[in-house]
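S.K.: What follows is a predicted protein model with its sequence.
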Amino acid sequence: MEIKLGNKKLILKIGDITEENTDAIVNAANPTLLGGGGVDGAIHRKGGSKILEECKKIRKEQYPDGLPFGEAVITTGGNLKARYVIHTVGPICDRGVLDTEKTKLLSNAYKNSLLLADRLHLKSVAFPSISTGAYRCPLDDASKVALKTILDLLPKLKNVETVIFTLFTKDIYNVYSKNLKELIKDR
Ligand code: AR6
């Protein structure tokens, strides 16, 4: 599914984000920035050791206590098709609930990733469905936050033209496309 927002584009697709050839792909990381499972593990495996080296440097120089929830940093894409990886950390939904505070952190993860891409003059960015795997946030609510944040911010940006949600399964894609249709109906 693809929608136009003025001269900008928002695309939903099913796929493996490590195969995207956008300027940047976004990693659903954890505060250590040292890798993990899920999409994080896949990105580090395919992207190679350069990404981890830069993550370690960022930890040492900028974030000795770890990357705070909702913040974003950028590294090389290493061996990936994407030139850069933007690492962000979404909230952990312990009891499977996306409360007000976690909604804000999730929105910030998308917002800060996209603002960083825009500051670096990147044109295309691919996102996974942040916090809806190991971090257990409810997919329906989290997808609405993700989509709303991008719909609000993308038209205001100078450089980013295309945002893609690269969703891992058909089920995840179906939830996102249902909610995107709802959200654009109200606009
Ligand atoms: N391409 C696109 N989406 C993917 C891929 C892929 N290759 N692999 C998994 N997903 P998760 P989180 C989807 O758990 O919930 C890690 O251990 C997956 O189906 O990767 O933010 C980190 O180190 C789900 O829809 O991220 C953290 O500790 C979505 O990506 C923690 O998990 C997010 O699932 C972060 O948890």
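M.R.: In hand now; what should we look at?

S.K.: Against the ligand, how distant is Ile25?
M.R.: Going from Ile25 to the ligand by Cβ to the nearest ligand atom, to the nearest Å gives 9 Å. Glycine gets a C-beta too; all of them are placed from N, C-alpha and C.

S.K.: can you pull the contacts of that residue?
M.R.: Contacts for Ile25 (Cβ atoms under 8 Å, 6 or more residues apart in numbering) come out as 17-18, 43, 77, 80, 82, 84-86, 125-127, 166.

S.K.: Also within reach of the ligand: list those from those.
M.R.: Residues of the contacts of Ile25 in contact with the ligand (Cβ under 6 Å from any ligand atom): Ile17, Thr18, Thr166.

S.K.: The last one and Asp94, how far apart?
M.R.: I take that to be Thr166. Relative to Asp94, Thr166 is positioned 27 Å away (Cβ to Cβ, to the nearest Å).

S.K.: what about the two, which has more around it?
M.R.: For Thr166 versus Asp94, neighbours defined as other Cβ atoms under 10 Å are more numerous around Thr166 (23 against 10).

S.K.: how about a markdown table for the contacts of Ile25, with pLDDT, secondary structure and distance to Leu106 added?
M.R.: Output for the contacts of Ile25, formatted as a markdown table (pLDDT from 0 to 100; DSSP: H, G, I helix; E, B strand; the rest coil; distance: Cβ to Cβ, whole Å):
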| residue | pLDDT | secondary structure | distance to Leu106 |
| --- | --- | --- | --- |
| Ile17 | 98 | helix | 17 |
| Thr18 | 98 | helix | 22 |
| Ile43 | 98 | helix | 19 |
| Gly77 | 98 | coil | 24 |
| Leu80 | 98 | coil | 24 |
| Ala82 | 98 | coil | 22 |
| Tyr84 | 98 | strand | 22 |
| Val85 | 99 | strand | 19 |
| Ile86 | 99 | strand | 15 |
| Val125 | 98 | strand | 17 |
| Ala126 | 99 | strand | 17 |
| Phe127 | 99 | strand | 12 |
| Thr166 | 99 | strand | 17 |
